[in-house]
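K.L.:
A predicted structure for the sequence below; I have some questions about it.
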Amino acid sequence: MLIGHPPRPAIAMTFDLVLNVAAAGILTGLVYGLMALGLSVIFGVTRIVNFAHGEMMTAAMYGAVLLFATVKLDPLLAAIPIGAALAVFGYALQSAVINPFIDRPEHSQFMLMVAVAIVLVNGLLMIFGPNAQNVMVGYAFDSYQLGPLLIDATRAYAGAAALLVAGLLFAFFRFARLGKAIRACADNQFGAAVVGLPVKRLYALTFALGSACLGVAGCLLVLMIDVSPPLGPAMTLLAFVIVIVGGLGSMTGALVGGVLIGLSEALAGLVVPPSAKSMVSFAILILVLLFRPQGLVGRRA
Amino acid sequence: MRARVLLSLLAVALVAAPFVVSGYLVSVLIVALYFAYVGQAWNIMMGFAGQLSLGHALYVGLGAYTAAALFVQSGVPPWLGLIAAIIVAMAFAAAIGFLAFRFGISGVYFALLTIAFAEFTRIGFDHFGWVGASAGLFLPVSQRSGSDLLALRGTPTMFYYVILALAAGAFALSRWLLTSRIGFYWMAIREDQDAAQALGIDTFRYKLAAVVVSAAMTSIAGVFFAFYYNNLFPEQIFSIGRSIEIILGPIIGGLGTLFGPVLGAFVLQLLAEALREGVSALGLEIPGLTQVFYGVCLLVVVMFLPNGVWPPIARRLRL
Amino acid sequence: MASRTGISRRAVVSGGVGLAAAAGIARFNIVRAQSGPLKVGVILPRSGVQAFIGQSCQRGADIAPEVLKELGFKVQVALMNADTETNVDVARSRAERLINEGAHVIVGAFDSGQTLGIAQVTEQKGVPFVVNIAAAPQVTEQGYKTVFRIFPTSGDLIRNGLAGFKDVFAATGKTPKTAVFLHINDTFGQANKAAIDKLFPGADMPFKIVETIAYDPAARDLSVEIAKAKATGAELAMVVTRLNDAILMIREMIKQRWEPMGIMSPGSPGMYEEQFFATLGKYSEYPISVVPWYNPKTELSRIVEAAFKRKFPNDRLVGHALNVGFTFEAILVAADAAQRAGSTRPEALIEALRKTNIEKRMMIGGPIVFDEKGQNKNVQSAVLQNRDGGPKVVLPKEAAETAPVFPMPPWSQRG
């Protein structure tokens, strides 16, 4: 593919510039990673590919905007009620709509989730209108200087919170009884049913958990970017790129993939015209699919 | 026999349509036939050979841009441009298919690979100066009363018959493919690839063939699109939304069947039209409302008719 | 990923509608056109990414019928409004629909890409199209016979813009030596970039462009773009923006503590819009835009201002001036043509439009006169700077409301 822009004198790639851009990319990537984590957990257990993922997160972002506009609740705190709300939504969606589709072919599941996505994104359009909205927290314009590094406050808080929530999720799957049961279910659905685990309910709980992740990720993301309905499809796509690169179904993979894509998009913007930077993500995706389809971290199923 | 009677009736109705219905309906029919055609093309890859492509807008875009750019930049007539378009699309499809099947990509992974290539190409075209990049490519238009089939410039009625011929051709081709040796191989691969391989079918070769044939057919739709609508933007034509539009028809209609893509396209088109008219008749001007209804209808069909609309109808009609 | 599905499907559906009905409807128009009001189809991006500006333009249309009556026009104007959803496909299909439903003339569409899409429809159907705002040169360079544009082309816009830059440097005695050029990568942005590439070398500018950075119209954040721009060490940020991206850009500049001498636009929207001030507050101050602007002192401006106040008592015209001004003038041009033609037949309207000569204007510049391509010959720009919560004319001196401030005060020292 030809790039239409004439070559221009490249700007000096100073250490400072690369460092700053990389730091911002990593922090954004952590939040992307948390979003993708939700997708990966759901797929890992239920084998359902949630094509309405970004749309659900966009709904969470609107929730955060609404809470901030009405009761001045900081999105960092709004993450708790919104995460809970998304969990309820996820549970209901799985039990009422998706469950009958567990054993249907992939394209059928895909159509189902596409229909859910259409309803969601246009429902948001009806309720909130087409304009971009944001939250203007008190620290929206702040940034911290650490030597040559300049990090904006919203990004720093969001990145840290994403890491924290991801850690909690890891701990849950490692130590909690319910978490272990879900993992057993993921490894062997039939075996889990044989030993008496309520598989369908565990699936719904998994969906709830993945959705909660998404709700939190949405609240964090709204600190960094504006929300509008078309963001949903874009985010679904981004989440897919991340989980494939990291490894579909792998939790560490989702986080690693998030950071990698965040980082590569940021750094790519330095080398190619920024308007073409997503090309790099898709190139990475294509390479990973071809040479390591199980993802960078995942194991081959 | 029954099928033949039904098909003849349908053919007569469609050929006569422009003389009977209003201009408005003709344009709706053009869109429905367009989707019937691309749905048929996509169905060869997914419905027959079991390879899920979620990036078919790639081939529409490549076809549209190749023919349109040759026409605008060098005055190449559309029918020659069409050949170039087919070649370009086939080359892309062969490369993608080769890579995917060589490395054993299948299922969801293959679907995502097709999305990735479509998106990659979209952004590439956004920066591809010769075809206008993100500023768009515009075909010259003028007010005219006559039609010039050779230049593909003319009235909607001309475009109606062009797309009708294409849709009929795609139907016939699909029918032939289904009953031919390659069709049996495809279906064997779709049902169980390992078993097909064990039977001595060269699965790599036949999967590749499915992708290439489907892409070639789809690129023709792209050429039609370019000359019917006269402007192209990478953002629109390569978009993933367009890819999904293509596959809705065949899945709703009935995957892997001959009538499915046609029926699905018409059902969805009429549904969208009816919803739009209904909503505006009620005086509700809320952006998004129509699409919410559309999504709900889709949801209901997917939930209660898992194999699409056509199979139960076919049973009823004892076809 | 599916959001576009419904929308674009609908767009495609309606896309074919008008085309098919062309022949029949055109005949129908002739019959209907002998009497009755002039039906003006107003097509604007009232939702989607450009919603704020589209709605701002719409206000110019909303007040038009009343103002025209006040001006003594005997032609009655009936508006038919349509929304492009900031989407070329939808724009085209809405144009077809409006013409189908009997619009005699189309007005719109703010965005260059959408305007080009609409122009193809009006050209096919032979219905006149008066462009309010859209700068891409192609609009009037394709030999279309139905298209008339009162807004300047990118070439004029940039030529006036660069001249305005020099005036600012001369007036303040401060001159930057280097600039970084940030532009949106869409039809409008690319047209302006092409104009800059062409005109800059011969414009004898005191600064040189050290880097050009194109960004995606759908960009979620501009942190890399601004980091890159900042790293060039350029003294001036020269920008071609829309509204949302202009806001993102300023936010990012503050966070990254980049303090260029100035942020200057050689003719793009964004920084003089009401929404820019509402969102950014104190940080909205001091950017400079060299754009076609209105002259508050003309008689027509006063009438429009009064009508605007009546219709939108809580808003001020200055926050919408360019959008309202050009949209209103576009409808004025259409009504004037209908008045002179004594008919609403498309051919008669087009004939009359060619002979347009409107001296009493709202916007700065000579009378509206179209050349053989349909381009308004008399266009001019004023230098605006954001001051005290609104855009103020700072140059040329005879129209200035206040003196330009350059370089701008740093972000950290904003009240």
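P.N.:
Received, thanks. Numbering: from 1, shown residues only, chains lettered A, B, ... in the order given.

K.L.:
next SSE downstream of the helix or strand hosting B:F125?
P.N.:
B:F125 belongs to helix B:107-126 when assigned by DSSP states H and E. Helices and strands here follow DSSP H and E; after helix B:107-126, the next one along the chain is strand B:137-138.

K.L.:
for that next one, packing partners?
P.N.:
Identification of packing neighbours for strand B:137-138 by 3 or more C-beta pairs under 8 Å, 6 or more residues apart in numbering or on different chains; DSSP states H and E yields helix B:57-74, strand B:231-232. (C-beta placed from N, C-alpha, C; glycine too.)

K.L.:
and of these, who's closest to chain A?
P.N.:
helix B:57-74 (11.8 Å; C-beta to the nearest C-beta).

K.L.:
where are the low-confidence patches of chain C?
P.N.:
Applying pLDDT under 70 to chain C flags residues C:1-35, C:415.

K.L.:
what segments of it are strands?
P.N.:
Under the criterion DSSP state E, strands of chain C are mapped to C:38-44, C:77-83, C:105-108, C:129-131, C:147-149, C:178-184, C:208-215, C:236-240, C:262-265, C:288-291, C:382-387, C:390-395.

K.L.:
and for chain A?
P.N.:
Going by DSSP E, chain A shows strands at A:143-146, A:149-152.

K.L.:
B:F117: which of those strands is closest?
P.N.:
Smallest distance to B:F117 across the strands of chain A (C-beta to C-beta): 34.9 Å, for strand A:149-152.

K.L.:
what packs against the closest one?
P.N.:
So strand A:149-152, by 3+ C-beta pairs under 8 Å, 6+ apart, packs with helix A:15-46, strand A:143-146.

K.L.:
pipe those into CSV and attach mean neighbour count, mean pLDDT and distance to chain B per row.
P.N.:
Below are the helices and strands packed on strand A:149-152 laid out as CSV (neighbours: other C-beta atoms under 10 Å in any protein chain shown; pLDDT from 0 to 100; distance: least, C-beta to the nearest C-beta, whole Å):
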stretch, mean neighbour count, mean pLDDT, distance to chain B
helix A:15-46, 25, 92, 9
strand A:143-146, 11, 90, 30
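
K.L.:
could I get these as TSV with distance to C:P260?
P.N.:
Formatted as TSV, the helices and strands packed on strand A:149-152 follow (distance: least, C-beta to C-beta, whole Å):
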stretch	distance to C:P260
helix A:15-46	16
strand A:143-146	17
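
K.L.:
B:G256 against B:F48, yeah?
P.N.:
Yes. Look at B:G256 against B:F48 with C-beta atoms under 8 Å: they come within range, at 6.4 Å.

K.L.:
list residues touching both of the two?
P.N.:
B:R190 (C-beta atoms under 8 Å, 6 or more residues apart in numbering or on different chains).

K.L.:
can you give me the helices for the stretch 301-415 of chain C?
P.N.:
C:321-341, C:346-354 (DSSP state H, counting those that start in this stretch).

K.L.:
deepest of those, which one?
P.N.:
Most buried of the helices of the stretch 301-415 of chain C by mean neighbour count (mean count of other C-beta atoms under 10 Å in any protein chain shown) is helix C:321-341; its value is a mean of 26.

K.L.:
got the angle for that helix vs helix C:346-354?
P.N.:
Angle of helix C:321-341 versus helix C:346-354, following axes from the mean of the first three to the mean of the last three C-alpha atoms, to 10 degrees, is 120 degrees.

K.L.:
just checking, what packs against helix C:321-341?
P.N.:
strand C:38-44, helix C:51-62, helix C:64-70, strand C:77-83, strand C:105-108, strand C:129-131, helix C:299-311, helix C:346-354.

K.L.:
A:G232 versus whatever residue of the stretch 101-250 of chain B ends up closest to chain C, what's the distance?
P.N.:
Chain C sits closest to B:G241 of the stretch 101-250 of chain B, with a gap of 2.7 Å, by C-beta to the nearest C-beta. B:G241 is 12 Å from A:G232, where distance means C-beta to C-beta, to the nearest Å.

K.L.:
count the neighbours of B:I240 for me.
P.N.:
Residues near B:I240, counting by other C-beta atoms under 10 Å in any protein chain shown, number 23.

K.L.:
re earlier: would you list the helices of the stretch 301-415 of chain C in CSV and tack on distance to C:S265?
P.N.:
CSV is the format used below for those (distance: least, C-beta to C-beta, whole Å):
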stretch, distance to C:S265
helix C:321-341, 12
helix C:346-354, 30
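
K.L.:
so which of those helices comes closest to A:G253?
P.N.:
Among those, helix C:321-341 comes nearest to A:G253, with 48.6 Å by C-beta to C-beta.

K.L.:
out of everything not next to it in sequence, what's closest to C:H183?
P.N.:
C:V240 (4.0 Å; C-beta to C-beta, 6 or more residues apart in numbering or on different chains).

K.L.:
OK, contacts around that neighbour?
P.N.:
Neighbour list for C:V240: C:F181, C:L182, C:H183, C:I184, C:F188, C:G189, C:N192, C:K193, C:S265, C:P266, C:G267, C:S268 [criterion: C-beta under 8 Å, 6+ apart].

K.L.:
for the most centrally placed residue in chain B, give me its contacts.
P.N.:
For chain B, the residue sitting closest to the mean C-alpha position, by C-alpha atoms, centre = their mean, is B:V38 at 1.5 Å. By C-beta under 8 Å, 6+ apart, B:V38 lies in contact with B:H56, B:V60, B:M217, B:T218, B:A221, B:I246, B:G249.

K.L.:
repeat that with 10 Å
P.N.:
B:56-57, B:59-60, B:166-167, B:170, B:214, B:217-218, B:220-222, B:224-225, B:242, B:245-247, B:249-250, B:261, B:265 (C-beta atoms under 10 Å, 6 or more residues apart in numbering or on different chains).

K.L.:
and what of A:V135?
P.N.:
A:61, A:64-69, A:72-75, A:78, A:154, A:219, A:222-223, A:226-227.

K.L.:
and if you look at C:I254?
P.N.:
Applying C-beta under 10 Å, 6+ apart, the residues near C:I254 are A:A140, A:F141, A:D142, A:S143, A:D152, C:I226, C:L280, C:Y283, C:W411, C:S412, C:R414.

K.L.:
and the residues you listed, which is closest to chain B?
P.N.:
For the contacts of C:I254, the nearest to chain B is C:I226 (20.6 Å; C-beta to the nearest C-beta).

K.L.:
weed out the non-buried ones from the contacts of A:V135.
P.N.:
When the contacts of A:V135 are checked for burial by 16 or more other C-beta atoms under 10 Å in any protein chain shown, the buried set is A:61, A:64-68, A:73-75, A:78, A:154, A:219, A:222-223, A:226-227.
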